[in-house]
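The following block contains a protein sequence and its predicted model.
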Amino acid sequence: MSGVFARAAARLSLTLPEDVFARSHASTRGDTLATEEHAALAARPAAVLAGLVDHPGAPTLLLTRRAGHLRDHSGQVAFPGGKIDADDASPLATALREAEEEIGLAPRHVEPIGWLDAWQTGTGYRILPLVARLAPPLQLQPNAAEVARVFEVPLAVAFDASRFTRQTRIFKGRERTFDALIWDNELIWGATAGIIRHMAARLEA
């Protein structure tokens, strides 16, 4: 895993397609949604920080468990991030702002590397995942109003396809199939697991 940052720099870009939030954006991925469903869903723009913590020889992936009282995705494991506000200068600014607001991650600890493909959720969000190098020690201060827990998953675990299982759940009257990973008593599933699998595919040797 020591070369993951070099591979990320070589394979990802900080330049986003101009039509990234168009309903028909070609590279959009999603939670087992068909292409026609992507086109039918309104895209609520969001950006998240897929932060790789640069522990020497053993990088980790930084994740949160959302507070249980939140309206959307309450209690679920997620990347720090959220919807793009009208006054945000860019999706990158959104990812940095949200990470600082949610977990107290100072921008000076974040080295943006590049974007993964946009991810469409079944709830209508179009998520842009920003892969970034995080320089420890991070000295995080989670916002209890938004985040119940912050934890790290070894990248060797997160990128190991054999550790994932396929699960199903009924959502909006339809059966959805998704990837899931259990680590440190946390269930990582849905969009978060899907983005992790996509990141692994892009960044593995």
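Sure thing, it's come through.

Next, the contact list for the residue positioned nearest the centre of the chain, please.
Nearest to the mean C-alpha position of the chain, by CA atoms, centre = their mean, lies residue 79 at 4.5 Å. The contact partners of residue 79, by CB atoms under 8 Å, 6 or more residues apart in numbering, come to 48, 49, 50, 51, 62, 63, 64, 129, 192, 195. Every residue, glycine included, has its C-beta placed from N, CA and C.

Tell me which entries of those residues lie within strands.
48, 49, 50, 51, 62, 63, 64, 129 (DSSP state E).

Look up which residues are beta-bridged to the fourth one.
Same thing as residue 51. Using DSSP bridges, the bridge partners assigned to residue 51 are residue 132.

Low-confidence ranges, this protein, go.
Low-confidence segments of the chain (pLDDT under 70): 1-2, 26-27, 31-42, 68-75, 171-172, 205.

mind listing the strands in it by residue range?
29-30, 44-53, 60-66, 77-78, 81-83, 110-115, 119-120, 125-134, 147-154, 165-171, 174-183, 186-189.

Out of those, flag the one nearest residue 102.
Residue 102 sits nearest to strand 147-154 of all the strands of the chain, at 5.3 Å, using CB to CB.

and residue 168, how many residues sit next to it?
Residue 168 has 10 neighbouring residues, counting by other CB atoms under 10 Å.

how near is residue 53 to residue 196?
Per CB to CB, to the nearest Å, residue 53 is found 14 Å from residue 196.

Comparing those two, which shows the higher neighbour count?
residue 196 (24 against 21).

give me every residue that touches the more buried one.
Contacts of residue 196 (CB under 8 Å, 6+ apart): 61, 158, 159, 181, 188.

Kindly report the same for residue 83.
44, 45, 46, 94, 125.

again, 10 Å this time
44, 45, 46, 47, 72, 94, 98, 125, 126, 127 (CB atoms under 10 Å, 6 or more residues apart in numbering).

and what of residue 195?
29, 48, 50, 78, 79, 116, 117, 119, 127, 129, 131 are the contacts of residue 195 under CB under 10 Å, 6+ apart.

who wins for most neighbours among the residues you listed?
That'd be residue 127 among those, by other CB under 10 Å, with 30 neighbours.

That one contacts residue 49, doesn't it?
No. If you go by CB atoms under 10 Å, residue 127 and residue 49 don't touch, sitting 11.1 Å apart.
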